[in-house]
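Peer 1: how does the following fold in three dimensions:
(chains A and B)
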Amino acid sequence: MTGTTRLRTAALPAVLAAAVALAACTPTTDDSSATSASSADRGRLAGTLTVFAAASLTDVFGDLGDRLSADNPDLDVRFNFAGSSALATQIVQGAPADVFASANQPQMDVVTDAGLQSGNPEVFTGNVLEIAVPAGNPGSVTGIADFADPDLTLAVCAPDVPCGAAAATVFAAAGITAAPDTEEEDVRAALTKVQLGEVDAALVYASDVRSAGSDIEGIEFPEAEKAVNEYPICALAAAPNAAAAQAFVDLVLSDDGQQALAAAGFRPPPA
Amino acid sequence: MTARAPGRLETAVRRRRGRSVPAPLLIPAVVGVVFLVLPLAGLVVRAPWSAIGPALAAPEVGQALRLSLLSATLATLVSIVLGVPIAWVLARSTARGRSVLRALVTVPLVLPPVVGGVALFLVLGRQGIVGSWLDGSFGITIPFTTAAVVIAETFVAMPFLVISVEGALRAADARFEDVAATLGADRWTTFRWVTLPLVAPGIGAGAVLCWARALGEFGATITFAGNFPGTTQTMPLAVYLALQRDPEAAIVLSLVLLGVSLVTLLLLRDRWLGRSGAPIA
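Peer 2: Numbering: from 1, shown residues only, chains lettered A, B, ... in the order given. Here you go, the predicted structure:
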């Protein structure tokens, strides 16, 4: 944790510079790795930027939003964090969003199938499953094979939500028939059951384990690599604030955005 | 109660006044009805009717529907057994602290059901005050079982029955009970043979309300009982999860739930409330 904090603090000046640079070069170019910062361009963005993002991005995107608005005092960055499918529905129904970041490809497809994107969505990060157990690991869980143990109380996500689909892939890869006691409606609900000590283990995302703090322990397992969830992001065609939208997308894709995501337990997008 | 038959005088007065409803009442009433009915009409209009047959045939739907009906009925029975005595205490007893008791009993009405589910965990969960003792002494764990569904539904729905029966008790003519007492009946005998028959329609109405609330229960159930097909996945949970993946399937499931509950309520109405309800209708 302390290492993470130090990293973030050290990276901050670079991020500020990059954000200014990105703000300066949009929207005429979509080159996301612009580095030629010029203090004259500081604060060029104004108005309101509305970002619709998957709930798992709450902490990281909040930080990135703060950085962007610190560089652009006239810019008001607002977030709508929720389940990706709910967000996709809202966007298709005409919600005034500038940017959409989804926790998986199918929900981004809902938006692109409706032709609402500006440019092509880009995968900016990934998330893998991790086993979450209550502090002290009362069920003595050691790996994914324990999810076949009918004597343990186990939570997974329902197959209808992305983390449940990933869980099914992982179980297939491990060659086990899982014996869960509950199929939770979202990953946070599964995490809550672990935090309350009501289940011996749950399959959640690595980033959730990282954000949950000390009452939860995470156990990594090799089969998780078979189900890497990819997060695409794009600016929206009907964005009320297109310049700021592109600046935010560029910030997320920049090295500094990637560092912030890595610090929060996300992993780099597949090459 | 609403189920009481109008007296002869009432009927005569009503006839003389005619059937016109004053506009200040009629207009908001119509707006209100439209507001309540329009979303349902939306479900019906947007429903993929051709998909209803296959949806009904899907084993998970039958499973969820059976579990919903069973658990809501059990929750209603538990609510009657525990709730009618609570209502009697609130309406008839002269003990102090009744208003505090009433407030406590109706807390689940205002508590967000998800919080109710967490509260149930804190008491009946593995780490809970009572649950850890149950687990340690008898090896019984309640969460993630059908019993947990019934408990969650009872917690949320019983206050509806209590409020409704208390109202019926207050509206019931206490003179019948007084007469029974003067004839030598003790309070239990009076309750059993006078009060209970007197407020039976009120209990019926309260039970219907309670059952309907239990049938639609979502938050406390998914929190405390979890979601597993066949064990704890009731229809509202199935609808919510279907919504994540396939909104059309969710609409179909909702209509199935709506249809089953409407039919059940209509049948119950004829059975329980038909006699006194008929003259009003």
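Peer 1: and the residue of the stretch 151-281 of chain B found nearest chain A, how far is that from residue B:48?
Peer 2: Proximity of the stretch 151-281 of chain B to chain A (C-beta to the nearest C-beta) peaks at residue B:226, 2.7 Å away. Backbone N, C-alpha and C define where each C-beta goes, glycine included. Using C-beta to C-beta, to the nearest Å, residue B:226 is found at 29 Å from residue B:48.
Peer 1: what's the answer for residue B:219, then?
Peer 2: 28 Å.
Peer 1: counting neighbours, go ahead and name the busier of those two.
Peer 2: Higher neighbour count among residue B:219 and residue B:48: residue B:219, with 18 against 12, using other C-beta atoms under 10 Å in any protein chain shown.
Peer 1: in contact with the nearest residue to the more buried one once chain neighbours are set aside, which residues?
Peer 2: Nearest residue to residue B:219, sequence neighbours excluded (C-beta to C-beta, 6 or more residues apart in numbering or on different chains): residue B:113, at 3.1 Å. Residue B:113 is in contact with B:152, B:156, B:217-221, B:223, counting by C-beta atoms under 8 Å, 6 or more residues apart in numbering or on different chains.
Peer 1: what would the residues you listed look like in JSON lines with pLDDT?
Peer 2: Converted to JSON lines, these look like this (pLDDT from 0 to 100):
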{"residue": "B:152", "pLDDT": "97"}
{"residue": "B:156", "pLDDT": "96"}
{"residue": "B:217", "pLDDT": "95"}
{"residue": "B:218", "pLDDT": "95"}
{"residue": "B:219", "pLDDT": "94"}
{"residue": "B:220", "pLDDT": "95"}
{"residue": "B:221", "pLDDT": "95"}
{"residue": "B:223", "pLDDT": "93"}
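Peer 1: among these, which ones are buried?
Peer 2: B:152, B:156, B:217-221, B:223 (16 or more other C-beta atoms under 10 Å in any protein chain shown).
Peer 1: alongside chain B, which residues does chain A contribute?
Peer 2: A:83, A:85, A:89, A:153, A:155, A:158, A:160-161, A:180-185, A:189, A:193, A:196-198 (C-beta under 8 Å from any C-beta of the partner chain).
Peer 1: picking that back up, okay, the buried ones among the contacts of residue B:113 in JSON lines with secondary structure next?
Peer 2: Supplementary listing: the buried ones among the contacts of residue B:113 in JSON lines, determined by DSSP: H, G, I helix; E, B strand; the rest coil:
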{"residue": "B:152", "secondary structure": "helix"}
{"residue": "B:156", "secondary structure": "helix"}
{"residue": "B:217", "secondary structure": "coil"}
{"residue": "B:218", "secondary structure": "coil"}
{"residue": "B:219", "secondary structure": "helix"}
{"residue": "B:220", "secondary structure": "helix"}
{"residue": "B:221", "secondary structure": "helix"}
{"residue": "B:223", "secondary structure": "helix"}
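Peer 1: doesn't residue A:136 fall inside a strand?
Peer 2: No. Counting by three-state DSSP, residue A:136 is not found in a strand; it is coil.
Peer 1: report the separation between it and residue A:214.
Peer 2: Residue A:136 sits at a distance of 11 Å from residue A:214 (criterion: C-beta to C-beta).
Peer 1: what about stretch B:68-86, near chain A?
Peer 2: No. Using C-beta under 8 Å from any C-beta, we find that stretch B:68-86 stays clear of chain A, coming within 15.6 Å at best.
Peer 1: and that stretch, what's buried?
Peer 2: B:68-69, B:71-76, B:78-80, B:83-84, B:86.
Peer 1: what does stretch B:34-50 give?
Peer 2: Using 16+ other C-beta under 10 Å as the test for burial, stretch B:34-50 gives no buried residues.
Peer 1: what does whatever residue of the stretch 151-271 of chain A ends up closest to chain B show for phi and psi?
Peer 2: Of all residues in the stretch 151-271 of chain A, residue A:182 sits closest to chain B, at 2.7 Å by C-beta to the nearest C-beta. With angles defined as degrees, to the nearest 10, residue A:182 sits at phi -150, psi 140.
Peer 1: same check on residue A:124?
Peer 2: When quoted as degrees, to the nearest 10, the phi and psi of residue A:124 stand at phi -110, psi -20.
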